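J.: Here is my input, please return the structure:
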Amino acid sequence: MRALRTIVDMSYARHFLDFQGSAIPSAMQKLVVTRLSPNFREAVTLRRDCAVPLPGDGELLVRNRFVGVNASDINHTAGRYNPSLKVPFDAGFEGLGEVVALGLSASARYTVGQAVAYMAPGSFAEYTVVPANMATPMPSVKPEYLTLLVSGSTAYISLAELGELSQGQRVLVTAAAGGTGQFAVQLSKRAKCHVIGTCSSEEKCSFLKTIGCDRPINYKTEDVGAVLQREYPEGVDVVYESVGGGLFDLAVDALATKGRLIVIGFISGYQTPTGLSPIKAGALPAKLLRKSASVRGFFLNHYFAQYRAAMDNLLKLCEGGELACGVDLGEQSPGGLFTGLESVFRAVDYMYTGKNTGKIVVELPHSVSSKL
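T.: Predicted structure coming up:
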C-alpha cells in the first residue's frame, strides 16, 4: 500500500488512501431512481459516469463489495417511504465494504481499510458516503454479515419487542426460508418455541429443517390452512408475517387465544400500483376480540434505539456459529451469479419469483476507473 495522503478542504481534513494499490477513482457507477414506480426496471437507471462523492466530517466513504436486496426496495423506488422525495434519487439502502476515506472526526472510531456494513440510502453504487454513526464495524467483508443488517435485526427486535416469546409456545413464520424468515425461525427456536414455517419448495423445506424448523409447510403441495387446523387445533401463539393477502387471513384464523400477529411486511402487495395487499379486514375486529388476540405492525426505522444492541448480539451469535446466515448470491437463478450493479435488476426480479433461499446479495467486483 502507498502512504496516506491528506487533502485539506475548508475547515477540516479529508483523508484518502491508495487502498490495496488502487487509488479512489473520480467516476463510478450507481443505480438512480429516475421515475417513481414499484416496477424496479422502469423506475431505476444505471448511470455509469457519476462523480465519486467525498466524505464530510463525521462521514465514511465505503467501497461497496456486497449490497443487499430487499423486498422493500420497490417501495423505495415507488416513493412510498418518503412522498416528499423527488426524482432523481439514489437506490438501495444496505451495503458492506471497506472504508477508503473518512472525515476527520470519524477517524476516532474508524480507519481506512476497515470492514464496515451500513444501512443508509444509496448503497446500489460502487462507492457510498455513509454517516459514521450509521455504520457497523465488521470482522471481515463476507456476505453473511450483510444478512444481519436489515433481515437479522428486523427479526431480532420485532420478536423481542412484540413477540413476548416463552418456552413451549407455537410460532408460525411465513416466507420462512427468506432473508428475514430464516432469522425468525432460529431466534424462535433459541427461545425454545415450536416453530412452523411456510415456504414454496421441498428444497426450502430441507433448508428450514437444517435451521431448526419443527414443521415446514410447502404451500405448493400442502393446504396451509388445513395443516394448521389439523395439527394445531388450539392455534398458534405468535405469527411472524411478511406475505400478506390470503396468507395473512389464514394466519389470523390460526391465532390462539391471546395470540400475537407481527406484521413486518406484505410482499404480495408491493408490486401493485397502490402498494396494498387485499385482506378480509371486515371480520378482523370480531376475530381478534373473540380471541383477545392482536395484530402488531413493525417498521425497523421506529426501533433504532434497539438497533446497536441487536447487531452486537447477532454478530456474537454469527461469529460463534450459533446462527446460520443463509445467503443467496444467485447461483441457481436464470443468468447465474448476481455480480455487478447491472445484476441488481435480475436480483429484484428473482426475489419476486419467490425462488430465493436466504438473503439475496449482489457482489460488486472492484473496477478501476480514472483516479482522483
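
J.: centre of the chain versus stretch 194-212, how much separation?
T.: Centroid separation between stretch 194-212 and its chain, computed with C-alpha atoms, centre = their mean, to the nearest Å, is 19 Å.

J.: got a list of contacts for that stretch?
T.: Stretch 194-212 is contacted from outside by 168-177, 181-182, 185-186, 188-189, 213-221, 224, 228, 232, 236, 243, 247, 324, 326, 354-355, 357-358, using C-beta atoms under 8 Å, 6 or more residues apart in numbering. Where you see a C-beta, it was placed from the backbone N, CA and C, and this is true even at glycine.

J.: Repeat that for stretch 29-48.
T.: With C-beta under 8 Å, 6+ apart, stretch 29-48 has contacts from 50, 73-79, 87-92, 122, 124-126, 270-273, 275, 341-342, 344-345, 348-349, 367.

J.: What's the mean pLDDT across it?
T.: Regarding stretch 29-48, the rounded mean pLDDT is 98.

J.: Restricting the selection to alpha carbons, write it to CSV.
T.: Extracted in CSV, the C-alpha atoms of stretch 29-48 (Å, rounded to 0.1, in the frame of the first residue of the first chain):
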residue,chain,number,x,y,z
GLN,A,29,-21.4,3.5,-11.5
LYS,A,30,-24.6,3.7,-9.4
LEU,A,31,-28.3,3.0,-9.7
VAL,A,32,-30.6,6.0,-9.7
VAL,A,33,-34.4,6.2,-9.3
THR,A,34,-35.5,8.4,-12.3
ARG,A,35,-39.2,7.6,-12.2
LEU,A,36,-41.4,6.7,-9.3
SER,A,37,-42.7,3.2,-9.8
PRO,A,38,-43.0,-0.2,-8.0
ASN,A,39,-41.6,-1.7,-11.2
PHE,A,40,-37.8,-1.7,-10.4
ARG,A,41,-36.8,-1.9,-14.0
GLU,A,42,-39.0,1.0,-15.0
ALA,A,43,-38.0,3.1,-12.0
VAL,A,44,-34.2,2.7,-12.0
THR,A,45,-31.4,3.7,-14.3
LEU,A,46,-27.8,2.5,-14.2
ARG,A,47,-25.6,5.6,-14.5
ARG,A,48,-22.0,4.8,-15.5
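
J.: Residue ranges of each domain in the protein, please.
T.: The chain breaks down by automatic domain parsing into domains covering 5-141+326-363, 148-302.

J.: out of these, which comes closest to D312?
T.: Nearest to D312 among the domains of the chain is domain 5-141+326-363; the distance by C-beta to C-beta comes to 8.8 Å.

J.: tell me how far the closest one is from the chain's mean position?
T.: Centre-to-centre, domain 5-141+326-363 and its host chain are 13 Å apart (C-alpha atoms, centre = their mean).

J.: what helix or strand is S206 on?
T.: Under the criterion of DSSP states H and E, S206 resides in helix 202-210.

J.: Which parts of the stretch 201-350 of the chain are helices?
T.: Counting by DSSP state H, counting those that start in this stretch, the stretch 201-350 of the chain has helices at residues 202-210, 224-231, 245-254, 284-291, 307-319, 344-353.

J.: now those helices in a markdown table, with distance to L146?
T.: Shown next, in a markdown table, are those (distance: least, C-beta to C-beta, whole Å):
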| stretch | distance to L146 |
| --- | --- |
| helix 202-210 | 18 |
| helix 224-231 | 30 |
| helix 245-254 | 27 |
| helix 284-291 | 36 |
| helix 307-319 | 11 |
| helix 344-353 | 13 |
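
J.: looking at those helices, which is buried most?
T.: Highest mean neighbour count of these: helix 245-254, a mean of 21 (counted as mean count of other C-beta atoms under 10 Å).

J.: Look up how far A177 lies from E202.
T.: Plainly put, E202 is 11 Å away from A177 if you go by C-beta to C-beta, to the nearest Å.

J.: so A120 sits right up against A132, yeah?
T.: No - between A120 and A132 there is no contact under C-beta atoms under 8 Å: 10.6 Å.
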